[in-house]
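K.L.:
Predicted model and sequence follow; I will ask about them next.
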Amino acid sequence: GAVVSQHPSWVICKSGTSVKIECRSLDFQATTMFWYRQFPKQSLMLMATSNEGSKATYEQGVEKDKFLINHASLTLSTLTVTSAHPEDSSFYICSAARSGVNTGELFFGEGSRLTVL
Amino acid sequence: KQEVTQIPAALSVPEGENLVLNCSFTDSAIYNLQWFRQDPGKGLTSLLLIQSSQREQTSGRLNASLDKSSGRSTLYIAASQPGDSATYLCAVSPLDQFYFGTGTSLTVIP
């Protein structure tokens, strides 16, 4: 199966700092990647759709200046949480769709747990 | 907007029992439906993907069915094992994004 890797898997930072999370498709190219956020005991909430070489599309209510997404290559998308605050503490998960395959199947990373002190 | 509901929210069964998890969605215009498993603090593991033209998919002890017209899908787990304990999520896709259900937390008691 296709593998998606996220890094770091766990990060603690001070309030006001910025944190970058990477999402890599290891054995396939991904034109489109998705970023989700999950609060404890809740389902995943789509934050944004990231397309290689273009600006990300953000869901309603998600601050694009707060959550910067860059998809510079077909195997890497990054999510930067800028000026993080305790309310940004959450579990962030990325997923990727294999380029050129129209099954719509998504492959998910292991997730990154962010704790902002 | 598509809404996905999963019932029950939590389920506890003794080992060896067969069980059914339910997923319903409000908009039948989907491209596919995917069932996932999520262990605590972990990402998602894809279990089964059903294309909109398919009625069911099977993998080992798992069988997922899809009835687009009624907006329902079921995940059948045969001969449950303690290792099956996890949260199971269904997600429907109109191709450009996924809409997730709230999940069913399954506990299989040895």
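P.N.:
Yep, it's here. Residues are numbered from 1 along each chain as shown, chains lettered A, B, ... in the order given.
K.L.:
contacting residues around A:A84?
P.N.:
For A:A84, the contacting residues are A:C13, A:S15, A:G16, A:T17, A:S18, A:V19, A:L114, A:V116, by CB atoms under 8 Å, 6 or more residues apart in numbering or on different chains. (C-beta placed from N, C-alpha, C; glycine too.)
K.L.:
out of those, which one sits closest to chain B?
P.N.:
Nearest to chain B among these: A:L114, at 12.6 Å, using CB to the nearest CB.
K.L.:
thought that closest one was touching A:E87?
P.N.:
No. At 11.0 Å, A:L114 does not count as touching A:E87 under the criterion of CB atoms under 8 Å.
K.L.:
So for these two, which sits in the more crowded spot?
P.N.:
Set A:L114 next to A:E87 and count neighbours by other CB atoms under 10 Å in any protein chain shown: A:L114 wins out with 20 against 8.
K.L.:
Could you verify that the more buried one is part of a strand?
P.N.:
Yes. The assignment for A:L114 (DSSP: H, G, I helix; E, B strand; the rest coil) places it in a strand.
K.L.:
Show me where chain A dips below the pLDDT cut-off.
P.N.:
Applying pLDDT under 70 to chain A flags residues A:1, A:101-104.
K.L.:
Strands of that one, start to end?
P.N.:
Secondary structure of chain A (DSSP state E): strands located at A:4-7, A:10-13, A:19-25, A:32-38, A:44-51, A:57-58, A:67-73, A:76-81, A:90-97, A:106-108, A:112-116.
K.L.:
cool, and chain B?
P.N.:
Secondary structure of chain B (DSSP E): strands at B:4-7, B:10-14, B:19-25, B:32-38, B:44-51, B:56-59, B:62-67, B:72-77, B:86-93, B:99-100, B:104-109.
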